[in-house]
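Participant: return a 3D structure for these sequence lines:
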Amino acid sequence: MKYTAMLVVAVGLFLAIDHFGGLLAAPAAAGGAGHATAGSLDTVVHWIPRQAGKPDLQAGKPDLQAGKPDPRLADHSALFHVLLTMAAMIVSGRLLSRLFRRFGQPPVIGEVVAGILLGPSLLGLVAPDVSAFLLPPAVAPYLAVVAQLGVIFYMFLVGLELNSELLRRRARAAVAISHAGIVVPLVLGAGLALALYPRLAPDGVPFTSFALFLGVAMAITAFPVLARILTDRRMTRSELGVMALTCAAVDDVTAWCLLALVVGVAQSHLGGAVVVIAGTVLYIALMFLVARPAVARWVCRDDAIGLTPGMTAAVFAAVLLSSLATEWIGIHAIFGAFLLGAVIPHDSRVARELTDKLEAPVTILLLPAFFAYTGMRTQIGLVSGCESWLTCGLIIVVATLGKFGGTFAAARVSGLGWRDAAALGTLMNTRGLMELVVLNIGLDLGVISPLLFAMMVLMALATTMATSPVLSWLVDP
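Facilitator: Okay, here's the model as predicted:
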């Protein structure tokens, strides 16, 4: 009854916010962008400052040729810059990860910071010539291809980690707590959109798309980062750790479904959005009702054999085809990869061997391209002046209050003590890489401006970095 009441109140509040937001107008020039197909490798819109050493407030205007390789850049030159960028990211990312690990931070923080430092936020300011040589704007489409592949296979690995048995055993409490941790920040994010839309929304973006995306971005939890924090602290088998992992898994599934809805709404008119949503629901149903039993039988049959080269090729092809299917439906390709990983039994030998073989190449080799690509698009210099930094601080506060507060309240209602409830809320406030994936989708869609993108990246870093020290204070070693 309480769960139903929460959903009804949340829907009512969002509709009220959407009504008042429809009366607002987006600024004529807020660093916005045109719409592009999310995840499409040949239509990705890039926001790169025109002068490497100076942030340009006009950099948000889309370059119609940005999604196409520059004919002036020879193929061998593009390959040279991509290889150089990835090498620089791998080295700097590992060094900064070790540095941040000394302060109890997860490795992803060092890798994200490395990408930002190599972009226009730092290197572009102190050494613009070096930045222009390392990350020339014309190489962005090539780097985007590698980044997309890295994120697609990373999301497949995330799907492989989902424990469906764990979800079923603790489904009731986990769903209630997790959905409270989604509904509250989503509503607060939509409410914050009333203040941000007239100043930070791209020109021509409907308020509904802007508010929905901002709310979903506030509600994200980084399941892999949370799992890594629990593993490092040897909490994965504790009652709190199991509950946190279960809630994060439910959160991931729900958040990606909501993101699929947002992408469908943002990419289409109302009629087209309905088609996209219907296609998404149908594809999810097919994956879990048809593909999952078939995959389970296939995995059980070959479990004694293990992962053969033929099986590996079949899985890779299935990942790409599932990604292609969701891209064709109208949602992001990574959603298809995540779904395919989720339908493979996580405790099977095939899943374990896939994780063992893919984790290092994906996280160490391919993901640095994504961090470099994100760093190219993050312009911290755009966040200048007292008003901008106060707005950034407000975003961090609202995101933390929504995620922590919603989870804490639901955990207390479910019977957890205040200390465990606070620790669970802190863990669910972890965002990390998942948030960056979502933010890049929003930027590709043109739903958020480069300035808001930079603020949200800072929010993701701040909330993730706060997790370990707060958890140390709340949980006994």
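Participant: which parts of stretch 119-126 are buried?
Facilitator: 119-125 (16 or more other CB atoms under 10 Å). Bear in mind the C-beta positions are built from the backbone N, C-alpha and C, glycine included.
Participant: which residues sit in contact with residue 374?
Facilitator: 112, 115-116, 147, 436, 439-440, 457 (CB atoms under 8 Å, 6 or more residues apart in numbering).
Participant: among these, who's most crowded?
Facilitator: Scoring the contacts of residue 374 on neighbours with other CB atoms under 10 Å, the highest-scoring entry is residue 115 at 29 neighbours.
Participant: on that earlier part again, for the buried residues of stretch 119-126, give me JSON lines that also has pLDDT, distance to residue 182 and secondary structure.
Facilitator: JSON lines is the format used below for the buried residues of stretch 119-126 (pLDDT from 0 to 100; distance: CB to CB, whole Å; DSSP: H, G, I helix; E, B strand; the rest coil):
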{"residue": "119", "pLDDT": "87", "distance to residue 182": "31", "secondary structure": "coil"}
{"residue": "120", "pLDDT": "88", "distance to residue 182": "33", "secondary structure": "coil"}
{"residue": "121", "pLDDT": "86", "distance to residue 182": "30", "secondary structure": "coil"}
{"residue": "122", "pLDDT": "87", "distance to residue 182": "34", "secondary structure": "coil"}
{"residue": "123", "pLDDT": "88", "distance to residue 182": "37", "secondary structure": "helix"}
{"residue": "124", "pLDDT": "86", "distance to residue 182": "36", "secondary structure": "helix"}
{"residue": "125", "pLDDT": "86", "distance to residue 182": "37", "secondary structure": "helix"}
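Participant: these two touch, right, residue 191 and residue 17?
Facilitator: Yes. When contacts are counted by CB atoms under 8 Å, residue 191 is listed as touching residue 17 (5.7 Å).
Participant: among the contacts of residue 374, name the ones in helices.
Facilitator: Among the contacts of residue 374, the members found in helices (DSSP state H) are 112, 115-116, 147, 436, 439-440, 457.
Participant: closest one of those residues to residue 337?
Facilitator: Of all the ones in helices among the contacts of residue 374, residue 337 sits closest to residue 147, with 13.9 Å by CB to CB.
Participant: quick check: that closest one touching residue 370?
Facilitator: Yes. At 4.0 Å, residue 147 counts as touching residue 370 under the criterion of CB under 8 Å.
Participant: please pull up the helix or strand immediately following the helix or strand harbouring residue 260.
Facilitator: For residue 260, the element it lies in under DSSP states H and E is helix 239-267. Beyond helix 239-267 on the C-terminal side, the first helix or strand identified by DSSP H and E is helix 270-286.
Participant: now that following helix against helix 239-267, angle please.
Facilitator: Compare the direction of helix 270-286 with that of helix 239-267 by axes from the mean of the first three to the mean of the last three CA atoms, to 10 degrees and you get 140 degrees.
Participant: need the contact list for the closest residue in space to residue 90 that isn't next to it in sequence.
Facilitator: Leaving aside its sequence neighbours, residue 90 sits nearest to residue 368 (CB to CB, 6 or more residues apart in numbering; 5.1 Å). Residue 368 sits next to 86, 89-90, 93, 111, 114-115, 150 when contact means CB under 8 Å, 6+ apart.
Participant: gap between residue 368 and residue 325?
Facilitator: Distance, residue 368 to residue 325, by CB to CB, to the nearest Å: 28 Å.
Participant: how about residue 414?
Facilitator: In terms of CB to CB, residue 414 sits 37 Å off from residue 325.
Participant: that's a helix at residue 104, yeah?
Facilitator: No. Under DSSP: H, G, I helix; E, B strand; the rest coil, residue 104 falls outside any helix and is assigned coil.
Participant: dump the contacts of residue 374 to JSON lines, plus pLDDT and distance to residue 301.
Facilitator: Output for the contacts of residue 374, formatted as JSON lines (pLDDT from 0 to 100; distance: CB to CB, whole Å):
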{"residue": "112", "pLDDT": "86", "distance to residue 301": "41"}
{"residue": "115", "pLDDT": "89", "distance to residue 301": "42"}
{"residue": "116", "pLDDT": "89", "distance to residue 301": "47"}
{"residue": "147", "pLDDT": "89", "distance to residue 301": "36"}
{"residue": "436", "pLDDT": "85", "distance to residue 301": "38"}
{"residue": "439", "pLDDT": "90", "distance to residue 301": "41"}
{"residue": "440", "pLDDT": "88", "distance to residue 301": "39"}
{"residue": "457", "pLDDT": "92", "distance to residue 301": "45"}
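Participant: any chance of these in JSON lines, plus distance to residue 390?
Facilitator: Output for the contacts of residue 374, formatted as JSON lines (distance: CB to CB, whole Å):
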{"residue": "112", "distance to residue 390": "23"}
{"residue": "115", "distance to residue 390": "26"}
{"residue": "116", "distance to residue 390": "21"}
{"residue": "147", "distance to residue 390": "32"}
{"residue": "436", "distance to residue 390": "23"}
{"residue": "439", "distance to residue 390": "20"}
{"residue": "440", "distance to residue 390": "25"}
{"residue": "457", "distance to residue 390": "17"}
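Participant: out of those, who's nearest residue 377?
Facilitator: Of the contacts of residue 374, the one sitting nearest to residue 377 (CB to CB) turns out to be residue 440, at 7.3 Å.
Participant: what distance do you get for the closest one to residue 219?
Facilitator: Residue 440 sits 17 Å away from residue 219, going by CB to CB.
Participant: residue 81 too?
Facilitator: The value you get for residue 81 to residue 219, if CB to CB is used, is 36 Å.
Participant: looking at those two, which is more packed in?
Facilitator: Neighbour count, other CB under 10 Å: between residue 81 and residue 219, residue 219 has more, with 30 against 19.
Participant: that one and residue 178 touch, don't they?
Facilitator: No. Using CB under 8 Å, residue 219 makes no contact with residue 178, being 9.9 Å away.
Participant: now do the SS call for residue 307.
Facilitator: Residue 307 is classified as coil under three-state DSSP.
Participant: go on, residue 358?
Facilitator: Secondary structure, three-state DSSP: residue 358 is helix.
Participant: residues in contact with it?
Facilitator: When contacts are counted by CB under 8 Å, 6+ apart, residue 358 touches 153, 156-157.
Participant: who wins on neighbours among the residues you listed?
Facilitator: residue 156 (29 neighbours).
Participant: returning to what we had before: which two of the buried residues of stretch 119-126 have the greatest separation?
Facilitator: Largest pairwise distance in the buried residues of stretch 119-126, by CB to CB, is 9.9 Å, between 119 and 125.
Participant: next SSE downstream of the helix or strand of the chain with the lowest mean pLDDT?
Facilitator: Ranked by mean pLDDT, DSSP states H and E, the weakest helix or strand in the chain is helix 164-169, scoring a mean of 63. Proceeding C-terminally, helix 164-169 gives way to helix 171-200 as the next helix or strand, assigned by DSSP H and E.
Participant: next, the angle helix 239-267 makes with that next one.
Facilitator: Using the same axes, to 10 degrees: helix 171-200 against helix 239-267 is 40 degrees.
Participant: pLDDT on helix 171-200, on average?
Facilitator: When pLDDT is averaged over helix 171-200, the result is 89.
Participant: packing partners for it?
Facilitator: Helices and strands touching helix 171-200, by 3 or more CB pairs under 8 Å, 6 or more residues apart in numbering; DSSP states H and E, are helix 2-21, helix 207-219, helix 239-267, helix 386-413, helix 418-428, helix 450-474.
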